[in-house]
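S.K.: give me a model of this one.
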Amino acid sequence: MEQDIKHRLLKEYFGHSAFREGQEDIIDYIMSGRDALCIMPTGAGKSVCYQIPALAADGVTIVISPLISLMNDQVTGLIQSGVKAAYLNSSLTSGQYMRALDNIRSGKYKIIYVAPERLMTESFLAVCEDIDISVVAVDEAHCVSQWGQDFRPSYLKIPDFIDKLEPRPVVAAFTATATSDVKDDILRILRLHDPFQITTGFDRPNLFFSVMKPKNKSGELLDLLAGRRESSGIIYCSTRKKVEEVCELLKANGYAATRYHAGLSETERRQNQEDFVYDRSTVMVATNAFGMGIDKSNVSYVIHYNMPKNIESYYQEAGRAGRDGEEAECILLYSPQDVRINKFMIDNSEPNPELDTQQQAAVRELDYKRLKYMTIYCTTNDCLRGFILKYFGEKQKSYCGKCSSCLTRYETKDATIEAQKIISCIIRAGQRYGRKMIIDILRGSKNDRLTSAGLDRLSTYGIMSDSSENSIRSIIACLEENGYIVSTEGEYPVLKILPASSDILKGKTKFEIKIPKERSGKEKKPDKKESSGGFSAALYEKLRALRGQLADQAHVPAYVIFSNATLEDMCRRMPTTDEEFLRVSGVGRKKLEFYGSKFMDVIRQNIPENK
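M.R.: Residues are numbered from 1 along each chain as shown. This is a model prediction of the structure:
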């Protein structure tokens, strides 16, 4: 019976005939009354894992989320799908908040999204005493950990809130990124009871990963966007100033761009976010203050104009592309200056008031360690997808075929002599200097700091004067990546040798590096419009226009009506009856009632020309 219920609910409300990886197992355990800890990548369908049990249960499901934008998106989408839902957060006036509490008490909603700050208020606790709560879902559960990248003290109130509920409901925690330490914190702090634990895999097969090292970032950005003028995308910058510069650059070149950072008023941030979500602006230029909880499904690219501080943040931000399952690109524009900016930001970040001095120092060291891995990602010639998966403790292949490293033609070069020179220089400099100083020594720089320290008298001074700084930097990165040297963590990292390096020095081990082959010409990227995937591009544009009109009338984002993937499936199936329309991926019974006849009218009008 449960098998029938969950599949029926999936199709009726969400329009899908099959679950994604891991979803069915999670739903089964939650519906059986067992706690759960679920680590699923952005875009893997976490919300369905608690929404299906919520619809199947007699009581109410409470979803705890720190993200106002996510609550708004989720509730809007649920209502469009025929689910009674609401949210409680600071965006409501006092009158709206009290009306929402009355509606909860009278049993009007099945799913209620609540900000963690609201959990322990007297008014909300009083309502919770009067209703049957079947499940408490904790979204962004990594926020409970002081060792995570997004620690929020308000999350520490969640266990106290759960303790006040009688009887205790099922508790299910969800997150997209969690190292083993963060995972242990979630289990311990939320006091999960014998939870079902699952990591569905961090891989997002529809995402293409690329790292570029342009000499002129603004020029490279304009080149990248030239073929994406109609596509929806996000460009992340490390500072407010850079957001302003990039946004102005795009506007000056005719792009419908908007901006988002903490220096703007709340009113402007809300308006700009709404313009992006509703496709009035196709490009969002933002700091990392933007994006958490944005459920915009049609983002086809995410470009990082600057390197983020850690892999966790990068993967979460890049993962905002391709949430509809369509092919999408994640591009990072790297320069060594990005590393210096991130170190400055780590050193000058606001101290966490919840931590003592010793803990603050430990967190800073951890931030430096994360930054080191992020830097290696940007400089490696190995598979980028594999690097990310390995970072999160997952097995990886050496070739994915969908990243810039795997698709770049490399040739292997024997760099044993260069490696010996670098290792010797580190030793002769007393293992007391960072990579910039080691490079300066090797290249024979005459800067004051080097000469005043007497480093120009070392035997390794100038022995690589014919090599560029970038080439030496690449070899150092490769030596570090392969365990021959290490860069210490902290504000002033220094290079130190590891035992394995002695085999290179003695000539027992050959050291090889991969270098890109020269290209004969600029490769042409495939144009999405050249291939319509087996459907009529003309019909697709007509359905897209209809979707836009209906979205404007309903005051909701276009993707809430139907995703791009659903429109494409309509074009392939060409449904003209209710039964056929329900077979389209992403069409549930409520969507059929709301929109079916309008879309089928357009399809019928276009059948002759498509034959």
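
S.K.: so this structure: which segments form each domain?
M.R.: Domains of the chain are assigned by automatic domain parsing as 2-199, 207-407, 410-516, 532-610.

S.K.: now the first one: mean pLDDT?
M.R.: The average pLDDT within domain 2-199 is 91.

S.K.: with mean neighbour count added, can I get the domains of the chain in a markdown table?
M.R.: Glycine gets a C-beta too; all of them are placed from N, C-alpha and C. Shown next, in a markdown table, are these (neighbours: other CB atoms under 10 Å):
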| stretch | mean neighbour count |
| --- | --- |
| domain 2-199 | 19 |
| domain 207-407 | 18 |
| domain 410-516 | 16 |
| domain 532-610 | 17 |
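
S.K.: show me where the stretch 151-300 of the chain has strands.
M.R.: Here the stretch 151-300 of the chain has its strands, by DSSP state E, counting those that start in this stretch, at 170-175, 196-199, 207-212, 232-236, 257-260, 283-286, 299-304.

S.K.: closest one to Gln396 among the ones you listed?
M.R.: Closest approach to Gln396 among the strands of the stretch 151-300 of the chain (CB to CB): strand 207-212, 12.4 Å.

S.K.: other residues contacting that closest one?
M.R.: With contact meaning CB atoms under 8 Å, 6 or more residues apart in numbering, strand 207-212 is reached by 220, 318-319, 321-322, 327-334, 377-378, 384-385, 388, 402-405.

S.K.: between strand 299-304 and that strand, find me the angle.
M.R.: Relative orientation of strand 207-212 and strand 299-304, computed by axes from the mean of the first three to the mean of the last three CA atoms, to 10 degrees: 30 degrees.

S.K.: take strand 207-212, keep the C-alpha atoms, and write them as PDB.
M.R.: Provided in PDB are the C-alpha atoms of strand 207-212 (Å, rounded to 0.1, in the frame of the first residue of the first chain):
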ATOM      1  CA  LEU A 207      27.200  19.900 -15.000                       C
ATOM      2  CA  PHE A 208      30.300  20.700 -17.100                       C
ATOM      3  CA  PHE A 209      33.200  22.000 -15.000                       C
ATOM      4  CA  SER A 210      35.900  24.400 -16.300                       C
ATOM      5  CA  VAL A 211      38.700  26.400 -14.900                       C
ATOM      6  CA  MET A 212      40.200  29.200 -17.000                       C
END
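
S.K.: look up how far Met374 lies from Arg34.
M.R.: Note on Arg34: its distance to Met374, by CB to CB, to the nearest Å, is 36 Å.

S.K.: which phi and psi does Met464 have?
M.R.: Backbone dihedrals for Met464, given as degrees, to the nearest 10, come out at phi -130, psi 40.

S.K.: who touches it in this structure?
M.R.: Glu418, Lys421, Ile422, Leu442, Arg443, Ile472.

S.K.: filter those down to the ones in helices?
M.R.: Assigned to helices by DSSP state H, the following of these qualify: Glu418, Lys421, Ile422, Leu442, Arg443, Ile472.

S.K.: quick one: the closest residue to the fourth one other than its chain neighbours from Cys237, how far?
M.R.: This means Leu442. Nearest-residue entry for Leu442: Met464, 4.0 Å, with adjacent residues in sequence omitted and distances by CB to CB, 6 or more residues apart in numbering. Using CB to CB, Met464 is found at 34 Å from Cys237.

S.K.: next SSE downstream of the lengthiest helix in the chain?
M.R.: Longest helix of the chain, by residue count under DSSP H: helix 357-379. The first helix or strand that comes after helix 357-379 along the chain, using DSSP states H and E, is helix 384-391.

S.K.: what angle separates that next one from helix 357-379?
M.R.: 150 degrees.

S.K.: now for helix 384-391, which elements pack on it?
M.R.: Where contact means 3 or more CB pairs under 8 Å, 6 or more residues apart in numbering; DSSP states H and E, helix 384-391 is packed against strand 207-212, helix 311-318, helix 357-379, helix 404-407.

S.K.: for the second one, name the packing helices and strands.
M.R.: Read it as helix 311-318. Contact here means 3+ CB pairs under 8 Å, 6+ apart; on that basis helix 311-318 packs against strand 299-304, helix 357-379, helix 384-391.

S.K.: and the contacts of it?
M.R.: Residues outside helix 311-318 that contact it (CB under 8 Å, 6+ apart): 41-42, 148-149, 176-177, 179, 202, 207, 209, 234, 236, 288, 291-292, 302, 304, 307-308, 330, 332, 370, 373-374, 377, 388, 391-392.

S.K.: quick check: angle from that helix to helix 357-379?
M.R.: Going by the same axes, to 10 degrees, helix 311-318 makes 60 degrees with helix 357-379.
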